[in-house]
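Q: heads up, no residue letters with this:
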DNA sequence: CGGTCAGTTGAAAGGCTTCAACGTATGTGG
DNA sequence: CCACATACGTTGAAGCCTTTCAACTGACCG
């Protein structure tokens, strides 16, 4: 059951047994990829899409001067490059953060789903729109929040998403990002991320470091980050007070 | 032919006559909406999706302190809130910029397209992924470029998109955005936008004002904004030197 | 012709970056 | 088991890009 976490914890994602089985049989192979490895490159022709089964990955773009901008962060259950299906190629890079396990689904299999299973097709479409909603929230985060707000918002987001796929215990979860990575996700320098992480810790909001995050005061963190989990389309959980 | 501009000028968007006809007959009604009017509100239940036929619109989110963040800018041919189809509601606001004409397509009609016309359905899906690609570029723009770069990038993007749908003449096009709006799109204040617009003009790159933009030196503007039109999936045009 | 809204400009303040050095953990080879 | 390399994290000081605050201009309109 490699598709176990696909759309897990999301509203409006009712899949029938038959649909889950269809998705499962569409998988060609499952592969484990080392940490910090490029999976797909900008402009590359895509013949399959990959579902992240275990581990963490991200999308990113490179600026001319060598700086990176992270575009999204992915957790198990995310259909990472389904964006390459309708257009047959992708416009950004995809890479792993930690060691990760991917299920490969050839595009011909998705073609068949489009023809035979309109509802499952709509759910695949839906999952790419969840990414779009995530992107919009990142625009808001970077465009309108200050450094502390950006970090707080990012932490709230990862907390909720990890919780939805059962990867949170005692308000802590794996977050294998360096301060450099966090800066590339939030449009900040690693130096400034360092100072903000420290402030969040001193203020008792969250502890970030050593590949882990622990949320100490979600309510306060959500206030600082102007975070509202609606855009994640999650079933009810601890983040809805 | 209200769907005349749908996917116009985009690569990988071959629609058959029958598909265009099917889309055309899916339209329930066409409506003209005044400038600066809210079309859909965050959290609203959606029963139809709208195709922008003429005029300009945008997506946006409000921050607590009253500031807005624009999330995308829409030109004729854009299927603005198709994002509300698979999930039945939207997570952001949509409003007009100028007076605009919309074609309304009920979700039941899209359901039928999903069942009867898998290829057209894939094209609808594709059009929402163009939005996602746009969102990613906006993240990059705001996260990694300075003020001049952000404005330059935004101008290159609107220039290319307007050109693709035949709304550019003599390198000039309608851009009915105030400097305040431009600031909300780029994560800047209107005061700073003013200074940058002035600099772009003095440097001979572009003239922005009075609801119009004119590109004087696209190559230089693209360099400043680190702009590459790949993500727009456009047929060849003047922007590919 | 006053009122409003967009645009313009100057001066001061501030948040974040830059630069640079140092600390700390982990791993590897002699 | 220590010496060394490397990568990540920490801290301070200086500088700059952008914001903030404030005032003024110009265009349009009832």
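A: Nice, thanks for sending it over. Being a predicted model, the structure only gives us computed values, none of them experimental. Numbering: from 1, shown residues only, chains lettered A, B, ... in the order given.
Q: list the contacts for the residue most central in space within chain A?
A: In chain A, the centroid-proximal residue (C-alpha atoms, centre = their mean) is residue A:74; its distance is 2.5 Å. Applying C-beta atoms under 8 Å, 6 or more residues apart in numbering or on different chains, one finds that residue A:74 lies in contact with A:52, A:56-59, A:80. No exception for glycine: its C-beta is placed from N, CA and C like everyone else's.
Q: close to chain B, is the lowest-mean-pLDDT helix or strand in chain A?
A: Of all helical and strand segments in chain A, the minimum by mean pLDDT, DSSP states H and E falls on helix A:84-87, at a mean of 89. Yes - Helix A:84-87 lies within reach of chain B by C-beta under 8 Å from any C-beta of the partner chain, at A:85-87.
Q: Identify, from these, the entry nearest to residue B:16.
A: residue A:86 (16.2 Å; C-beta to C-beta).
Q: Neighbours of the closest one, how many?
A: If you count neighbours by other C-beta atoms under 10 Å in any protein chain shown, residue A:86 ends up with 23.
Q: cool, residue A:37 as well?
A: With other C-beta under 10 Å as criterion, residue A:37 counts 12.
Q: swap in the one 10 residues further on?
A: If you count neighbours by other C-beta under 10 Å, residue A:47 ends up with 12.
Q: which ones are touching residue A:200?
A: Contact analysis of residue A:200 by C-beta under 8 Å, 6+ apart lists A:148, A:151-152, A:155, A:206-208, A:221.
Q: now, which of the residues you listed lie within strands?
A: Residues from these lying in strands, with DSSP state E as the criterion: A:206-208.
Q: just to revisit the earlier point, closest to chain B among the residues of helix A:84-87 next to chain B?
A: Distance ranking of those against chain B, using C-beta to the nearest C-beta, places residue A:86 first at 3.7 Å.
Q: does the nearest residue to the closest one once chain neighbours are set aside count as helix, strand or coil?
A: Excluding the flanking residues, the one nearest residue A:86 by C-beta to C-beta, 6 or more residues apart in numbering or on different chains is residue B:126, at 3.7 Å. At residue B:126 the chain is in helix, as set by DSSP: H, G, I helix; E, B strand; the rest coil.
Q: tell me the pLDDT at residue B:126?
A: Reading off the confidence values, residue B:126 has pLDDT 93.
Q: which residues touch it?
A: A:86-87, B:7, B:12-13.
Q: what separates the least confident helix or strand of chain A from the chain centre, distance-wise?
A: Put simply, helix A:84-87 sits 19 Å off its chain's centre (C-alpha atoms, centre = their mean, to the nearest Å).
Q: do stretch A:172-192 as well
A: Going by C-alpha atoms, centre = their mean, where stretch A:172-192 is centred and where its chain is centred differ by 14 Å.
Q: Now the residue nearest to the centre of chain A: phi and psi?
A: phi -120, psi 140 (degrees, to the nearest 10).
Q: Now it. Nearest residue, chain neighbours left out?
A: Excluding the flanking residues, the one nearest residue A:74 by C-beta to C-beta, 6+ apart is residue A:57, at 4.5 Å.
Q: Just confirm that neighbour contacts residue A:99, I think it does.
A: No - between residue A:57 and residue A:99 there is no contact under C-beta atoms under 8 Å: 10.4 Å.
Q: Please say which of those two ends up with more neighbours.
A: In terms of neighbours (other C-beta under 10 Å), residue A:57 is the more surrounded of residue A:57 and residue A:99; the figures are 25 against 15.
Q: Tell me what that one is bridged to.
A: Counting by DSSP bridges, residue A:57 is bridged to residue A:74, residue A:96.
Q: That one and residue A:163, how far apart?
A: 19 Å (C-beta to C-beta, to the nearest Å).
Q: what do you get for residue A:231?
A: Residue A:231 sits 15 Å away from residue A:163, going by C-beta to C-beta.
Q: What helix or strand is residue A:183 located in?
A: helix A:179-186 (DSSP states H and E).
Q: Sorry, wrong one. I was asking about residue A:20.
A: Since the elements are taken from DSSP H and E, residue A:20 ends up inside helix A:17-26.
Q: which secondary structure elements does that helix contact?
A: Contacts defined by 3 or more C-beta pairs under 8 Å, 6 or more residues apart in numbering or on different chains; DSSP states H and E place helix A:17-26 against strand A:100-106, helix A:107-116, helix A:118-144.
Q: Quick one: work out the angle between the helix or strand just after that helix and strand A:100-106.
A: Toward the C-terminus, helix A:17-26 is succeeded by strand A:29-33 as the next helix or strand (DSSP H and E). Comparing the axes of strand A:29-33 and strand A:100-106 via axes from the mean of the first three to the mean of the last three C-alpha atoms, to 10 degrees yields an angle of 150 degrees.
Q: And strand A:29-33, what's buried?
A: residue A:33 (16 or more other C-beta atoms under 10 Å in any protein chain shown).
Q: Just checking: what are the partner strands of that strand?
A: strand A:100-106 (antiparallel).
Q: Report the buried residues of the partner strand.
A: Using 16+ other C-beta under 10 Å as the test for burial, strand A:100-106 gives A:100-105.
Q: domains for chain A, by residue range?
A: A:17-137, A:146-232 (automatic domain parsing).
Q: Next one: the last one, is it in contact with DNA strand D?
A: Yes - Domain A:146-232 comes into contact with DNA strand D when judged by C-beta under 7 Å from any atom of the strand, the residues involved being A:178-180, A:190-191, A:194-195, A:197-198, A:209-210.
Q: Can you list the low-confidence ranges for chain A?
A: A:237-241 (pLDDT under 70).
Q: ok, the buried residues of strand A:100-106 vs DNA strand D, which is closest?
A: Nearest to DNA strand D among the buried residues of strand A:100-106, counting by C-beta to the nearest atom of the strand, is residue A:100 at 16.6 Å.
Q: hmm, back to that, the domains of chain A: which one's closest to residue B:18?
A: Comparing these against residue B:18 with C-beta to C-beta, the closest turns out to be domain A:17-137 (16.3 Å).
Q: That closest one and DNA strand D, are they touching?
A: No - shown here: domain A:17-137 not in contact with DNA strand D (C-beta under 7 Å from any atom of the strand), separated by at least 7.9 Å.
Q: can you give me the end-to-end distance of that domain?
A: 32 Å (C-alpha to C-alpha, to the nearest Å).
Q: Same question for stretch A:63-74.
A: Using C-alpha to C-alpha, the end-to-end distance of stretch A:63-74 comes out at 21 Å.
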